[in-house]
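Asker: sequence unknown, structure follows:
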Ligand code: F6P
């Protein structure tokens, strides 16, 4: 059966992740193989409402971008079209559903289908647009790896590599000063980055949101670590969403007023110093985990996802997301992907490995 698709659009939404450009390139090349035209929308859906915010992407515009970090289309984690902020004459802000305007704008541009690359927020928007009749397929992106229905999201492996490198570097300075170093890693309410890089980087303590921590256990481990060698030191990895038993995750107000998870490393460091008297420093690795180009694994995964998204459109698999089910890439309903946050299972092999190696998980 001949596909009715002639023109597709692509956008990138939410926080950036290494591999976005590789997905864009794969979508453009695979779509050209189908004889389709591809258009890029700037900054998620914002470009639809701006002059020049929707433009043609072809083979030449995606040349040499596979290894590049960020996204050539730009992205934003503000301006959800389902809850679009509108300032009233009196200065107060109201929110309106702009999804029909998005669908109309895509129609005006002659777009037959959309490839939405994003995490749970962007894919929730894509799912709502699909329910209102838009032909859309999703590609799972986030360094946090917290999307359900896919074994991995692209960007995660690169973030783990960056975090592991940072933990490796902390070892020498921790050892030189015989200090406790506490490093805070991203991941929102899931501990994937902290657990994977913490084990790979041979941390002494790893605290993740899935296991509320007990400072008695943490300090006991640190003391034991100091008694192991002549010049003791300890490395503590904390996921930004980790919290103490009976407590709550720590939030901070960022410049501009946005409230974000953060600050738990300093809280843990202070507690360690107060209880053990050991010199302790904390740091937040922050957006370095999102920056830079994708590693080889994420490049390949991104290219596979991009190519699979085009096949999904060709086969009429709208309302679905491409997903990794090793060794295959397959399609899953968007509704399934956004149904819950995928956290680290407590019976997972990596949790078990950490425990077998004597790493303290705070419980
Ligand atoms: O979801 C990706 C992520 O980097 C989280 O790990 C982190 O909590 C959040 O985004 C940070 O958001 P922002 O880019 O708004 O600072």
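Answerer: Nice, I can see it. Predicted model, so just to flag it, every value in this text is computed and none were measured.
Asker: near the ligand, which residues of the stretch 101-250 of the chain are found?
Answerer: 119, 142-144, 186-188, 240 (Cβ under 6 Å from any ligand atom). Backbone N, C-alpha and C define where each C-beta goes, glycine included.
Asker: please redo it, this time with the cut-off set to 5 Å
Answerer: Counting by Cβ under 5 Å from any ligand atom, the residues of the stretch 101-250 of the chain lying close to the ligand are 144, 186, 188.
Asker: what's near enough to touch the residue in the stretch 51-200 of the chain that the ligand sits nearest to?
Answerer: Closest residue of the stretch 51-200 of the chain to the ligand, Cβ to the nearest ligand atom: residue 186 (3.2 Å). Counting by Cβ atoms under 8 Å, 6 or more residues apart in numbering, residue 186 touches 143-144, 159, 193, 239-240, 285-286, 289-290.
Asker: could you do residue 18 as well?
Answerer: Per Cβ under 8 Å, 6+ apart, neighbours of residue 18: 69, 143, 154-155, 158-159, 290-295, 298.
Asker: where does the protein have low pLDDT?
Answerer: Low-confidence segments of the chain (pLDDT under 70): 1-3.
Asker: for the residue most central in space within it, give me phi and psi.
Answerer: Among the residues of the chain, the one closest to the centroid is residue 142, at 2.2 Å (Cα atoms, centre = their mean). Backbone dihedrals for residue 142, given as degrees, to the nearest 10, come out at phi 170, psi 140.
Asker: quick check: closest non-adjacent residue to it.
Answerer: residue 119 (3.8 Å; Cβ to Cβ, 6 or more residues apart in numbering).
Asker: quick one: that neighbour and residue 153 touch, right?
Answerer: Yes - between residue 119 and residue 153 there is a contact at 7.3 Å, judged by Cβ atoms under 8 Å.
Asker: more neighbours, the two?
Answerer: Using other Cβ atoms under 10 Å as the criterion, residue 119 and residue 153 rank with residue 153 on top: 29 against 26.
Asker: distance of the more buried one from residue 173?
Answerer: Here the criterion is Cβ to Cβ, to the nearest Å. By it, residue 153 lies 32 Å from residue 173.
Asker: enumerate the residues of the stretch 251-363 of the chain near the ligand.
Answerer: Close to the ligand, as judged by Cβ under 5 Å from any ligand atom, the stretch 251-363 of the chain has no residues.
Asker: go again with 6 Å.
Answerer: Taking Cβ under 6 Å from any ligand atom as the criterion, the stretch 251-363 of the chain approaches the ligand at residues 260-261, 290.
Asker: from these, which would you call buried?
Answerer: 261, 290 (16 or more other Cβ atoms under 10 Å).
Asker: redo the residues of the stretch 251-363 of the chain next to the ligand as CSV? Include secondary structure.
Answerer: Formatted as CSV, these follow (DSSP: H, G, I helix; E, B strand; the rest coil):
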residue, secondary structure
260, strand
261, strand
290, coil
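Asker: now, the most widely separated pair of the contacts of residue 186?
Answerer: 239 and 290 (15.3 Å; Cβ to Cβ).
Asker: measure the residue of the chain positioned farthest from its centre to the ligand for me?
Answerer: Centroid-distance maximum for the chain: residue 230 at 40.2 Å, with Cα atoms, centre = their mean. Distance, residue 230 to the ligand, by Cβ to the nearest ligand atom, to the nearest Å: 38 Å.
Asker: now swap in residue 218 and tell me
Answerer: From residue 218 to the ligand the distance is 22 Å (Cβ to the nearest ligand atom).
Asker: hmm, who's touching the helix or strand hosting that residue?
Answerer: Assigning secondary structure by DSSP states H and E places residue 218 in helix 215-226. Here helix 215-226 makes contact (Cβ under 8 Å, 6+ apart) with 178, 180, 204-205, 207, 232-234, 236, 244, 268, 271-272, 275-276, 278, 360, 362-363.
Asker: chain center to that helix, what's the gap?
Answerer: 31 Å (Cα atoms, centre = their mean, to the nearest Å).
Asker: helix, strand, or coil at residue 160?
Answerer: Residue 160 - assigned by three-state DSSP - is helix.
Asker: what's it in contact with, if anything?
Answerer: So residue 160 contacts 192-193, 196-197, 200 (Cβ under 8 Å, 6+ apart).
Asker: of the residues you listed, which belong to strands?
Answerer: Of the contacts of residue 160, none are assigned to strands by DSSP state E.
Asker: most widely separated two among these?
Answerer: 192 and 200 (12.2 Å).
Asker: outline the domain layout of this structure.
Answerer: Per automatic domain parsing, the structural domains of the chain span 7-154+294-326, 159-290+346-356.
Asker: between those domains, which one is nearest to residue 340?
Answerer: Among these, domain 7-154+294-326 comes nearest to residue 340, with 5.2 Å by Cβ to Cβ.
Asker: pull the contacting residues for residue 184.
Answerer: 238-240, 262-266, 282-285.
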